[in-house]
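>>> Just a sequence and a predicted model for now, questions to come.
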Amino acid sequence: MKVQRITLHDIAALAGVTKMTVSRYLRTPEKVKSETAERIASVIAEVGYEPDPDNPVVSGNIAPRIGVLVPSFHNQIFADVLAGIESVTTSHGYQTLVVNYDYDSLREEEQIATVLAFNVKGLLLTESVHTLRAEKYLKAAKIPIAEVMGLTDNPERINVGFDNYRAGFDMTNMLLASGKKHIVYFGSMSDIRDEQRYAGYCKAMEAAELSVGRISPNKVSSVSIGTGMMTLARQMYKEMDGILCTNDDLAVGVLQECLASGIKVPQEMAIAGFHGLEIGQIITPRLASVLTPRFEMGKVATEILIKKIKGIPTIEKVDLHYRLSMGETI
């Protein structure tokens, strides 16, 4: 009969602390408050816990690791960011520990604690807004932390990204310049980047003295969701003649629905996406999009992170910018 092994999570639950605190106690007990250390030690003695020597939490015989948190494993955007990260970590002898939090801030909080328990040397995040408890974990970790995908003002973090607000503003103006006036914004998860793009869209529409419209399903974007959003938008916004999507897969779904319904693109409906994904560049007509440097963001952020880990002076804020492509749908 297989015996169920006691885990760090079990110890943490019984001691009323986080898994990260238990991990710190096992590695450097002198850094844990005496009262907390006594409580953890008591639980360990009571349950007969024995650290696994092969566990990277308590073993130093592994390559140094960099933790990476992404909001979804089902989004090509973050696959490109990961490719950029690993193009650097592999050549420098680092391993990556990659986890997903499904666009859930509380899940991100849990995953941050989990990754930090593995004694990572640095951490790369794809969000810039975190829960109060997550921020507490991050500040207590005392390791270099990078945030990518957007621009932030946090002086304690490495930041590599581009201006999502300005990108939304500029692409909306490109749609307006084509003669469209009834432009609707198609969002997805309403995360911070999505909200910034929408704010840029609103600013451009306001400057043109035009009404705004928005559909946000609060789901991870996909071609099929884009198709469904287009069906709904045609009912809600009868005069709609332009659409700005927060992601290219949504825009491809919109384009497919237009072609199936006999709507001429771009004559009757202009469509713009975001990120310049391959699917939008090989479809006919070729999709207009905001081209973002996803691979480069992962690469540059990791290069800076490793320099910080090694104590090498380096720039810590980088704006990699974006480009606009009219494609054939504007």
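Perfect, thanks for sending it. Residues are numbered from 1 along each chain as shown.

>>> Isn't residue 204 up against residue 173?
Yes: using CB atoms under 8 Å, residue 204 is in contact with residue 173, at 5.0 Å. The C-beta positions use only the backbone N, C-alpha and C, and glycine is treated the same way.

>>> higher neighbour count, the two?
residue 204 (22 against 18; other CB atoms under 10 Å).

>>> show me the contacts for the spatially closest residue to that one that is not a sequence neighbour.
Leaving aside its sequence neighbours, residue 204 sits nearest to residue 172 (CB to CB, 6 or more residues apart in numbering; 3.7 Å). Residue 172 makes contact with 183, 200, 201, 204, 205, 244, according to CB atoms under 8 Å, 6 or more residues apart in numbering.

>>> where do the strands sit along this structure?
65-70, 95-100, 122-125, 145-148, 158-161, 183-186, 214-215, 242-245, 270-275, 288-291, 317-319, 323-325 (DSSP state E).

>>> Those strands into TSV, with extra columns for mean neighbour count?
Shown next, in TSV, are those (neighbours: other CB atoms under 10 Å):
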stretch	mean neighbour count
strand 65-70	24
strand 95-100	16
strand 122-125	26
strand 145-148	24
strand 158-161	26
strand 183-186	26
strand 214-215	18
strand 242-245	29
strand 270-275	28
strand 288-291	24
strand 317-319	15
strand 323-325	17
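
>>> now the ones you listed in a markdown table, with mean pLDDT and distance to residue 7?
Below are the strands of the chain laid out as a markdown table (pLDDT from 0 to 100; distance: least, CB to CB, whole Å):
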| stretch | mean pLDDT | distance to residue 7 |
| --- | --- | --- |
| strand 65-70 | 96 | 19 |
| strand 95-100 | 95 | 16 |
| strand 122-125 | 98 | 22 |
| strand 145-148 | 98 | 26 |
| strand 158-161 | 98 | 32 |
| strand 183-186 | 98 | 43 |
| strand 214-215 | 98 | 43 |
| strand 242-245 | 98 | 43 |
| strand 270-275 | 98 | 38 |
| strand 288-291 | 98 | 44 |
| strand 317-319 | 98 | 39 |
| strand 323-325 | 98 | 47 |
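
>>> Redo those as a markdown table? Include distance to residue 20.
Below are these laid out as a markdown table (distance: least, CB to CB, whole Å):
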| stretch | distance to residue 20 |
| --- | --- |
| strand 65-70 | 12 |
| strand 95-100 | 14 |
| strand 122-125 | 12 |
| strand 145-148 | 14 |
| strand 158-161 | 21 |
| strand 183-186 | 39 |
| strand 214-215 | 39 |
| strand 242-245 | 38 |
| strand 270-275 | 33 |
| strand 288-291 | 37 |
| strand 317-319 | 28 |
| strand 323-325 | 40 |
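
>>> quick one: which of those is nearest residue 167?
strand 288-291 (4.8 Å; CB to CB).

>>> What helices and strands are in contact with the closest one?
In terms of contacts (3 or more CB pairs under 8 Å, 6 or more residues apart in numbering; DSSP states H and E), strand 288-291 is packed against helix 164-177, strand 270-275, strand 323-325.

>>> thinking again about what came up before, going by distance to residue 92, which of the contacts of residue 172 wins?
The closest of these, once distances to residue 92 are taken by CB to CB, is residue 200, at 36.2 Å.

>>> Give me the pLDDT value at the closest one.
pLDDT, residue 200: 98.

>>> Next up, the contacts around it.
Taking CB under 8 Å, 6+ apart as the criterion, residue 200 is in contact with 164, 165, 166, 167, 168, 169, 170, 172.

>>> ok, now with 10 Å
163-173, 185, 244 (CB atoms under 10 Å, 6 or more residues apart in numbering).

>>> Go through those and name the one nearest residue 46.
When these are compared for distance to residue 46 (CB to CB), residue 164 comes out closest, at 50.4 Å.

>>> what about the helices in this protein?
Along the chain, counting by DSSP state H, helices occupy 8-15, 19-27, 34-47, 76-89, 105-116, 132-141, 164-177, 192-207, 223-236, 248-261, 278-282, 294-309.

>>> and the angle from the fourth one to strand 270-275?
Yep, that's helix 76-89 we're talking about. 30 degrees (axes from the mean of the first three to the mean of the last three CA atoms, to 10 degrees).
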